[in-house]
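Peer 1: just need the structure, nothing else, for what follows:
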Amino acid sequence: MELQLQRLCKQYGIKAAVDQVSVHLEPGVYGLLGANGAGKTTLMRMICGVLKPTSGSIRLDGKTMQELGEQYYTHLGYMPQDFGFYPDFTAREFMLYMAAVKGMEKKAAKARTEELLELVNLRDAADKKIKSYSGGMKQRLGIAQAELNAPDILILDEPTTGLDPKERVRFRNIISGFARDKIVILSTHIVSDISYIADTILMMKQGKILLQGSMEEVTDSIRGKVWEVLVDDREADRYSRNLRVVNLHHEGNQVRLRMVEDTAPAPDARAVEPSLEDLFLYHFGEEVQGERREKDENFDQV
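Peer 2: Below you'll find the model as predicted:
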């Protein structure tokens with residue numbers, strides 16, 4: 001199974017939400033990482049056929065979506081960021097309804113529904129109405145419906161947003177279990193989720209693929225640019241205001257800062273091993289800081 005995106009573009013007026021993206025995907029877990037507005041959701045919606053590309057092509061095993069027609073969608077499972085449930089349906093009713101939408105035979109749909117509800121740990125709650133479900137339960141139901149037709153391509157858009165740490169771990173384990181022998185594209189801005197389960201990182205910025213490779217390959221691009229330094233409180237405040245500080249840890253009367261900068265931020269700073277979080281902040285530090293400032297301003301106005 002091969003999914004090829006060739007010079008894929010999506011234009012909105014003069015703005016390119018996705019700009020000349022070319023990627024060749026084979027079975028494995030791909031972590032699509034980027035700040036909000038990087039183009040991740042637009043790219044995934046084009047792969048799913050929800051949006052029509054302005055230009056470029058999407059090919060599955062050498063054939064375009066147009067050539068494959070409805071057959072293309074039999075290979076596809078999709079969990080959008082804002083998945084719409086019918087709140088008065090039970091989980092079992094919803095799964096059978098989605099199976100009918102996907103054209104599954106009734107007997108096979110019932111068997112697959114029971115199998116998946118067991119797999120995502122919803123068997124005991126299968127006859128409860130979805131409106132009574134927690135956020136984590138709804139997310140697990142969302143991935144179960146995406147897996148109904150045993151797709152070769154599973155696309156998950158921000159599947160762990162809003163989940164508590166325990167639910168996120170459970171969800172990551174479920175995704176890893178589904179990932180055998182299929183292409184899984186997982187979009188998120190939660191770096192730790194990508195770190196744990198992705199075989200390949202695809203980092204997007206301003207509609208383009210900025211980096212592609214294994215965890216080691218992409219983090220190696222900032223080797224020699226991640227630093228630690230031990231300073232007092234006053235210096236820590238100055239560094240935090242002017243530089244990209246990844247982490248701040250108090251040690252007695254001093255503060256250990258971890259920063260990402262092209263050159264050593266202080267004479268006594270030492271280079272340390274880079275992580276995916278360091279890489280994210282290196283490329284998206286301004287966007288992240290902007291979001292934090294906006295949240296602080298909104299909070300101040302309350």
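
Peer 1: low-confidence ranges, this structure, go.
Peer 2: 286-302 (pLDDT under 70).

Peer 1: outline the domain layout of it.
Peer 2: 3-220, 222-301 (automatic domain parsing).

Peer 1: pick the most buried one from those.
Peer 2: domain 3-220 (a mean of 17; mean count of other C-beta atoms under 10 Å). Where you see a C-beta, it was placed from the backbone N, CA and C, and this is true even at glycine.

Peer 1: which residues does residue 68 contact?
Peer 2: residue 60 (C-beta atoms under 8 Å, 6 or more residues apart in numbering).

Peer 1: show me the strands in this structure, by range?
Peer 2: Remark: strands assigned in the chain by DSSP state E are 3-12, 15-25, 28-33, 55-60, 63-64, 76-79, 153-157, 183-188, 200-205, 208-213, 226-231, 245-251, 254-260, 270-271.

Peer 1: so which of these is nearest residue 284?
Peer 2: strand 200-205 (7.2 Å; C-beta to C-beta).

Peer 1: and the closest one, which strands flank it?
Peer 2: strand 28-33 (parallel), strand 208-213 (antiparallel) (DSSP bridges).

Peer 1: ok, residues contacting it?
Peer 2: 23, 28-35, 38-40, 43, 194, 209-215, 218, 276, 279-280, 283-284.

Peer 1: I'd like to know how far residue 81 sits from residue 11.
Peer 2: From residue 81 over to residue 11 the distance is 21 Å, taken as C-beta to C-beta, to the nearest Å.

Peer 1: hey, what's the spatially closest residue to residue 250 that is not a sequence neighbour bridged with?
Peer 2: Distances taken as C-beta to C-beta, 6 or more residues apart in numbering place residue 256 nearest to residue 250, at 7.9 Å, with adjacent residues excluded. Counting by DSSP bridges, residue 256 is bridged to residue 230, residue 249.

Peer 1: got the contact list for residue 256?
Peer 2: 228, 229, 230, 248, 249, 250.

Peer 1: next, format the residues you listed as JSON lines and append distance to residue 170.
Peer 2: JSON lines is the format used below for those (distance: C-beta to C-beta, whole Å):
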{"residue": "228", "distance to residue 170": "33"}
{"residue": "229", "distance to residue 170": "37"}
{"residue": "230", "distance to residue 170": "38"}
{"residue": "248", "distance to residue 170": "30"}
{"residue": "249", "distance to residue 170": "29"}
{"residue": "250", "distance to residue 170": "32"}
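
Peer 1: do you know how far residue 180 is from residue 27?
Peer 2: Distance from residue 180 to residue 27, by C-beta to C-beta: 8 Å.

Peer 1: hmm, I typed the wrong one, I wanted residue 228.
Peer 2: From residue 228 to residue 27 the distance is 38 Å (C-beta to C-beta).

Peer 1: and residue 161, what does it touch?
Peer 2: Contacts for residue 161 were tallied using C-beta under 8 Å, 6+ apart; they are 81, 188, 190.

Peer 1: between these, which is nearest residue 265?
Peer 2: Using C-beta to C-beta, these come closest to residue 265 at residue 190, 26.8 Å.

Peer 1: verify the contact between that closest one and residue 160 for me.
Peer 2: Yes: checked against C-beta atoms under 8 Å, the pair residue 190 and residue 160 is within contact range at 5.9 Å.
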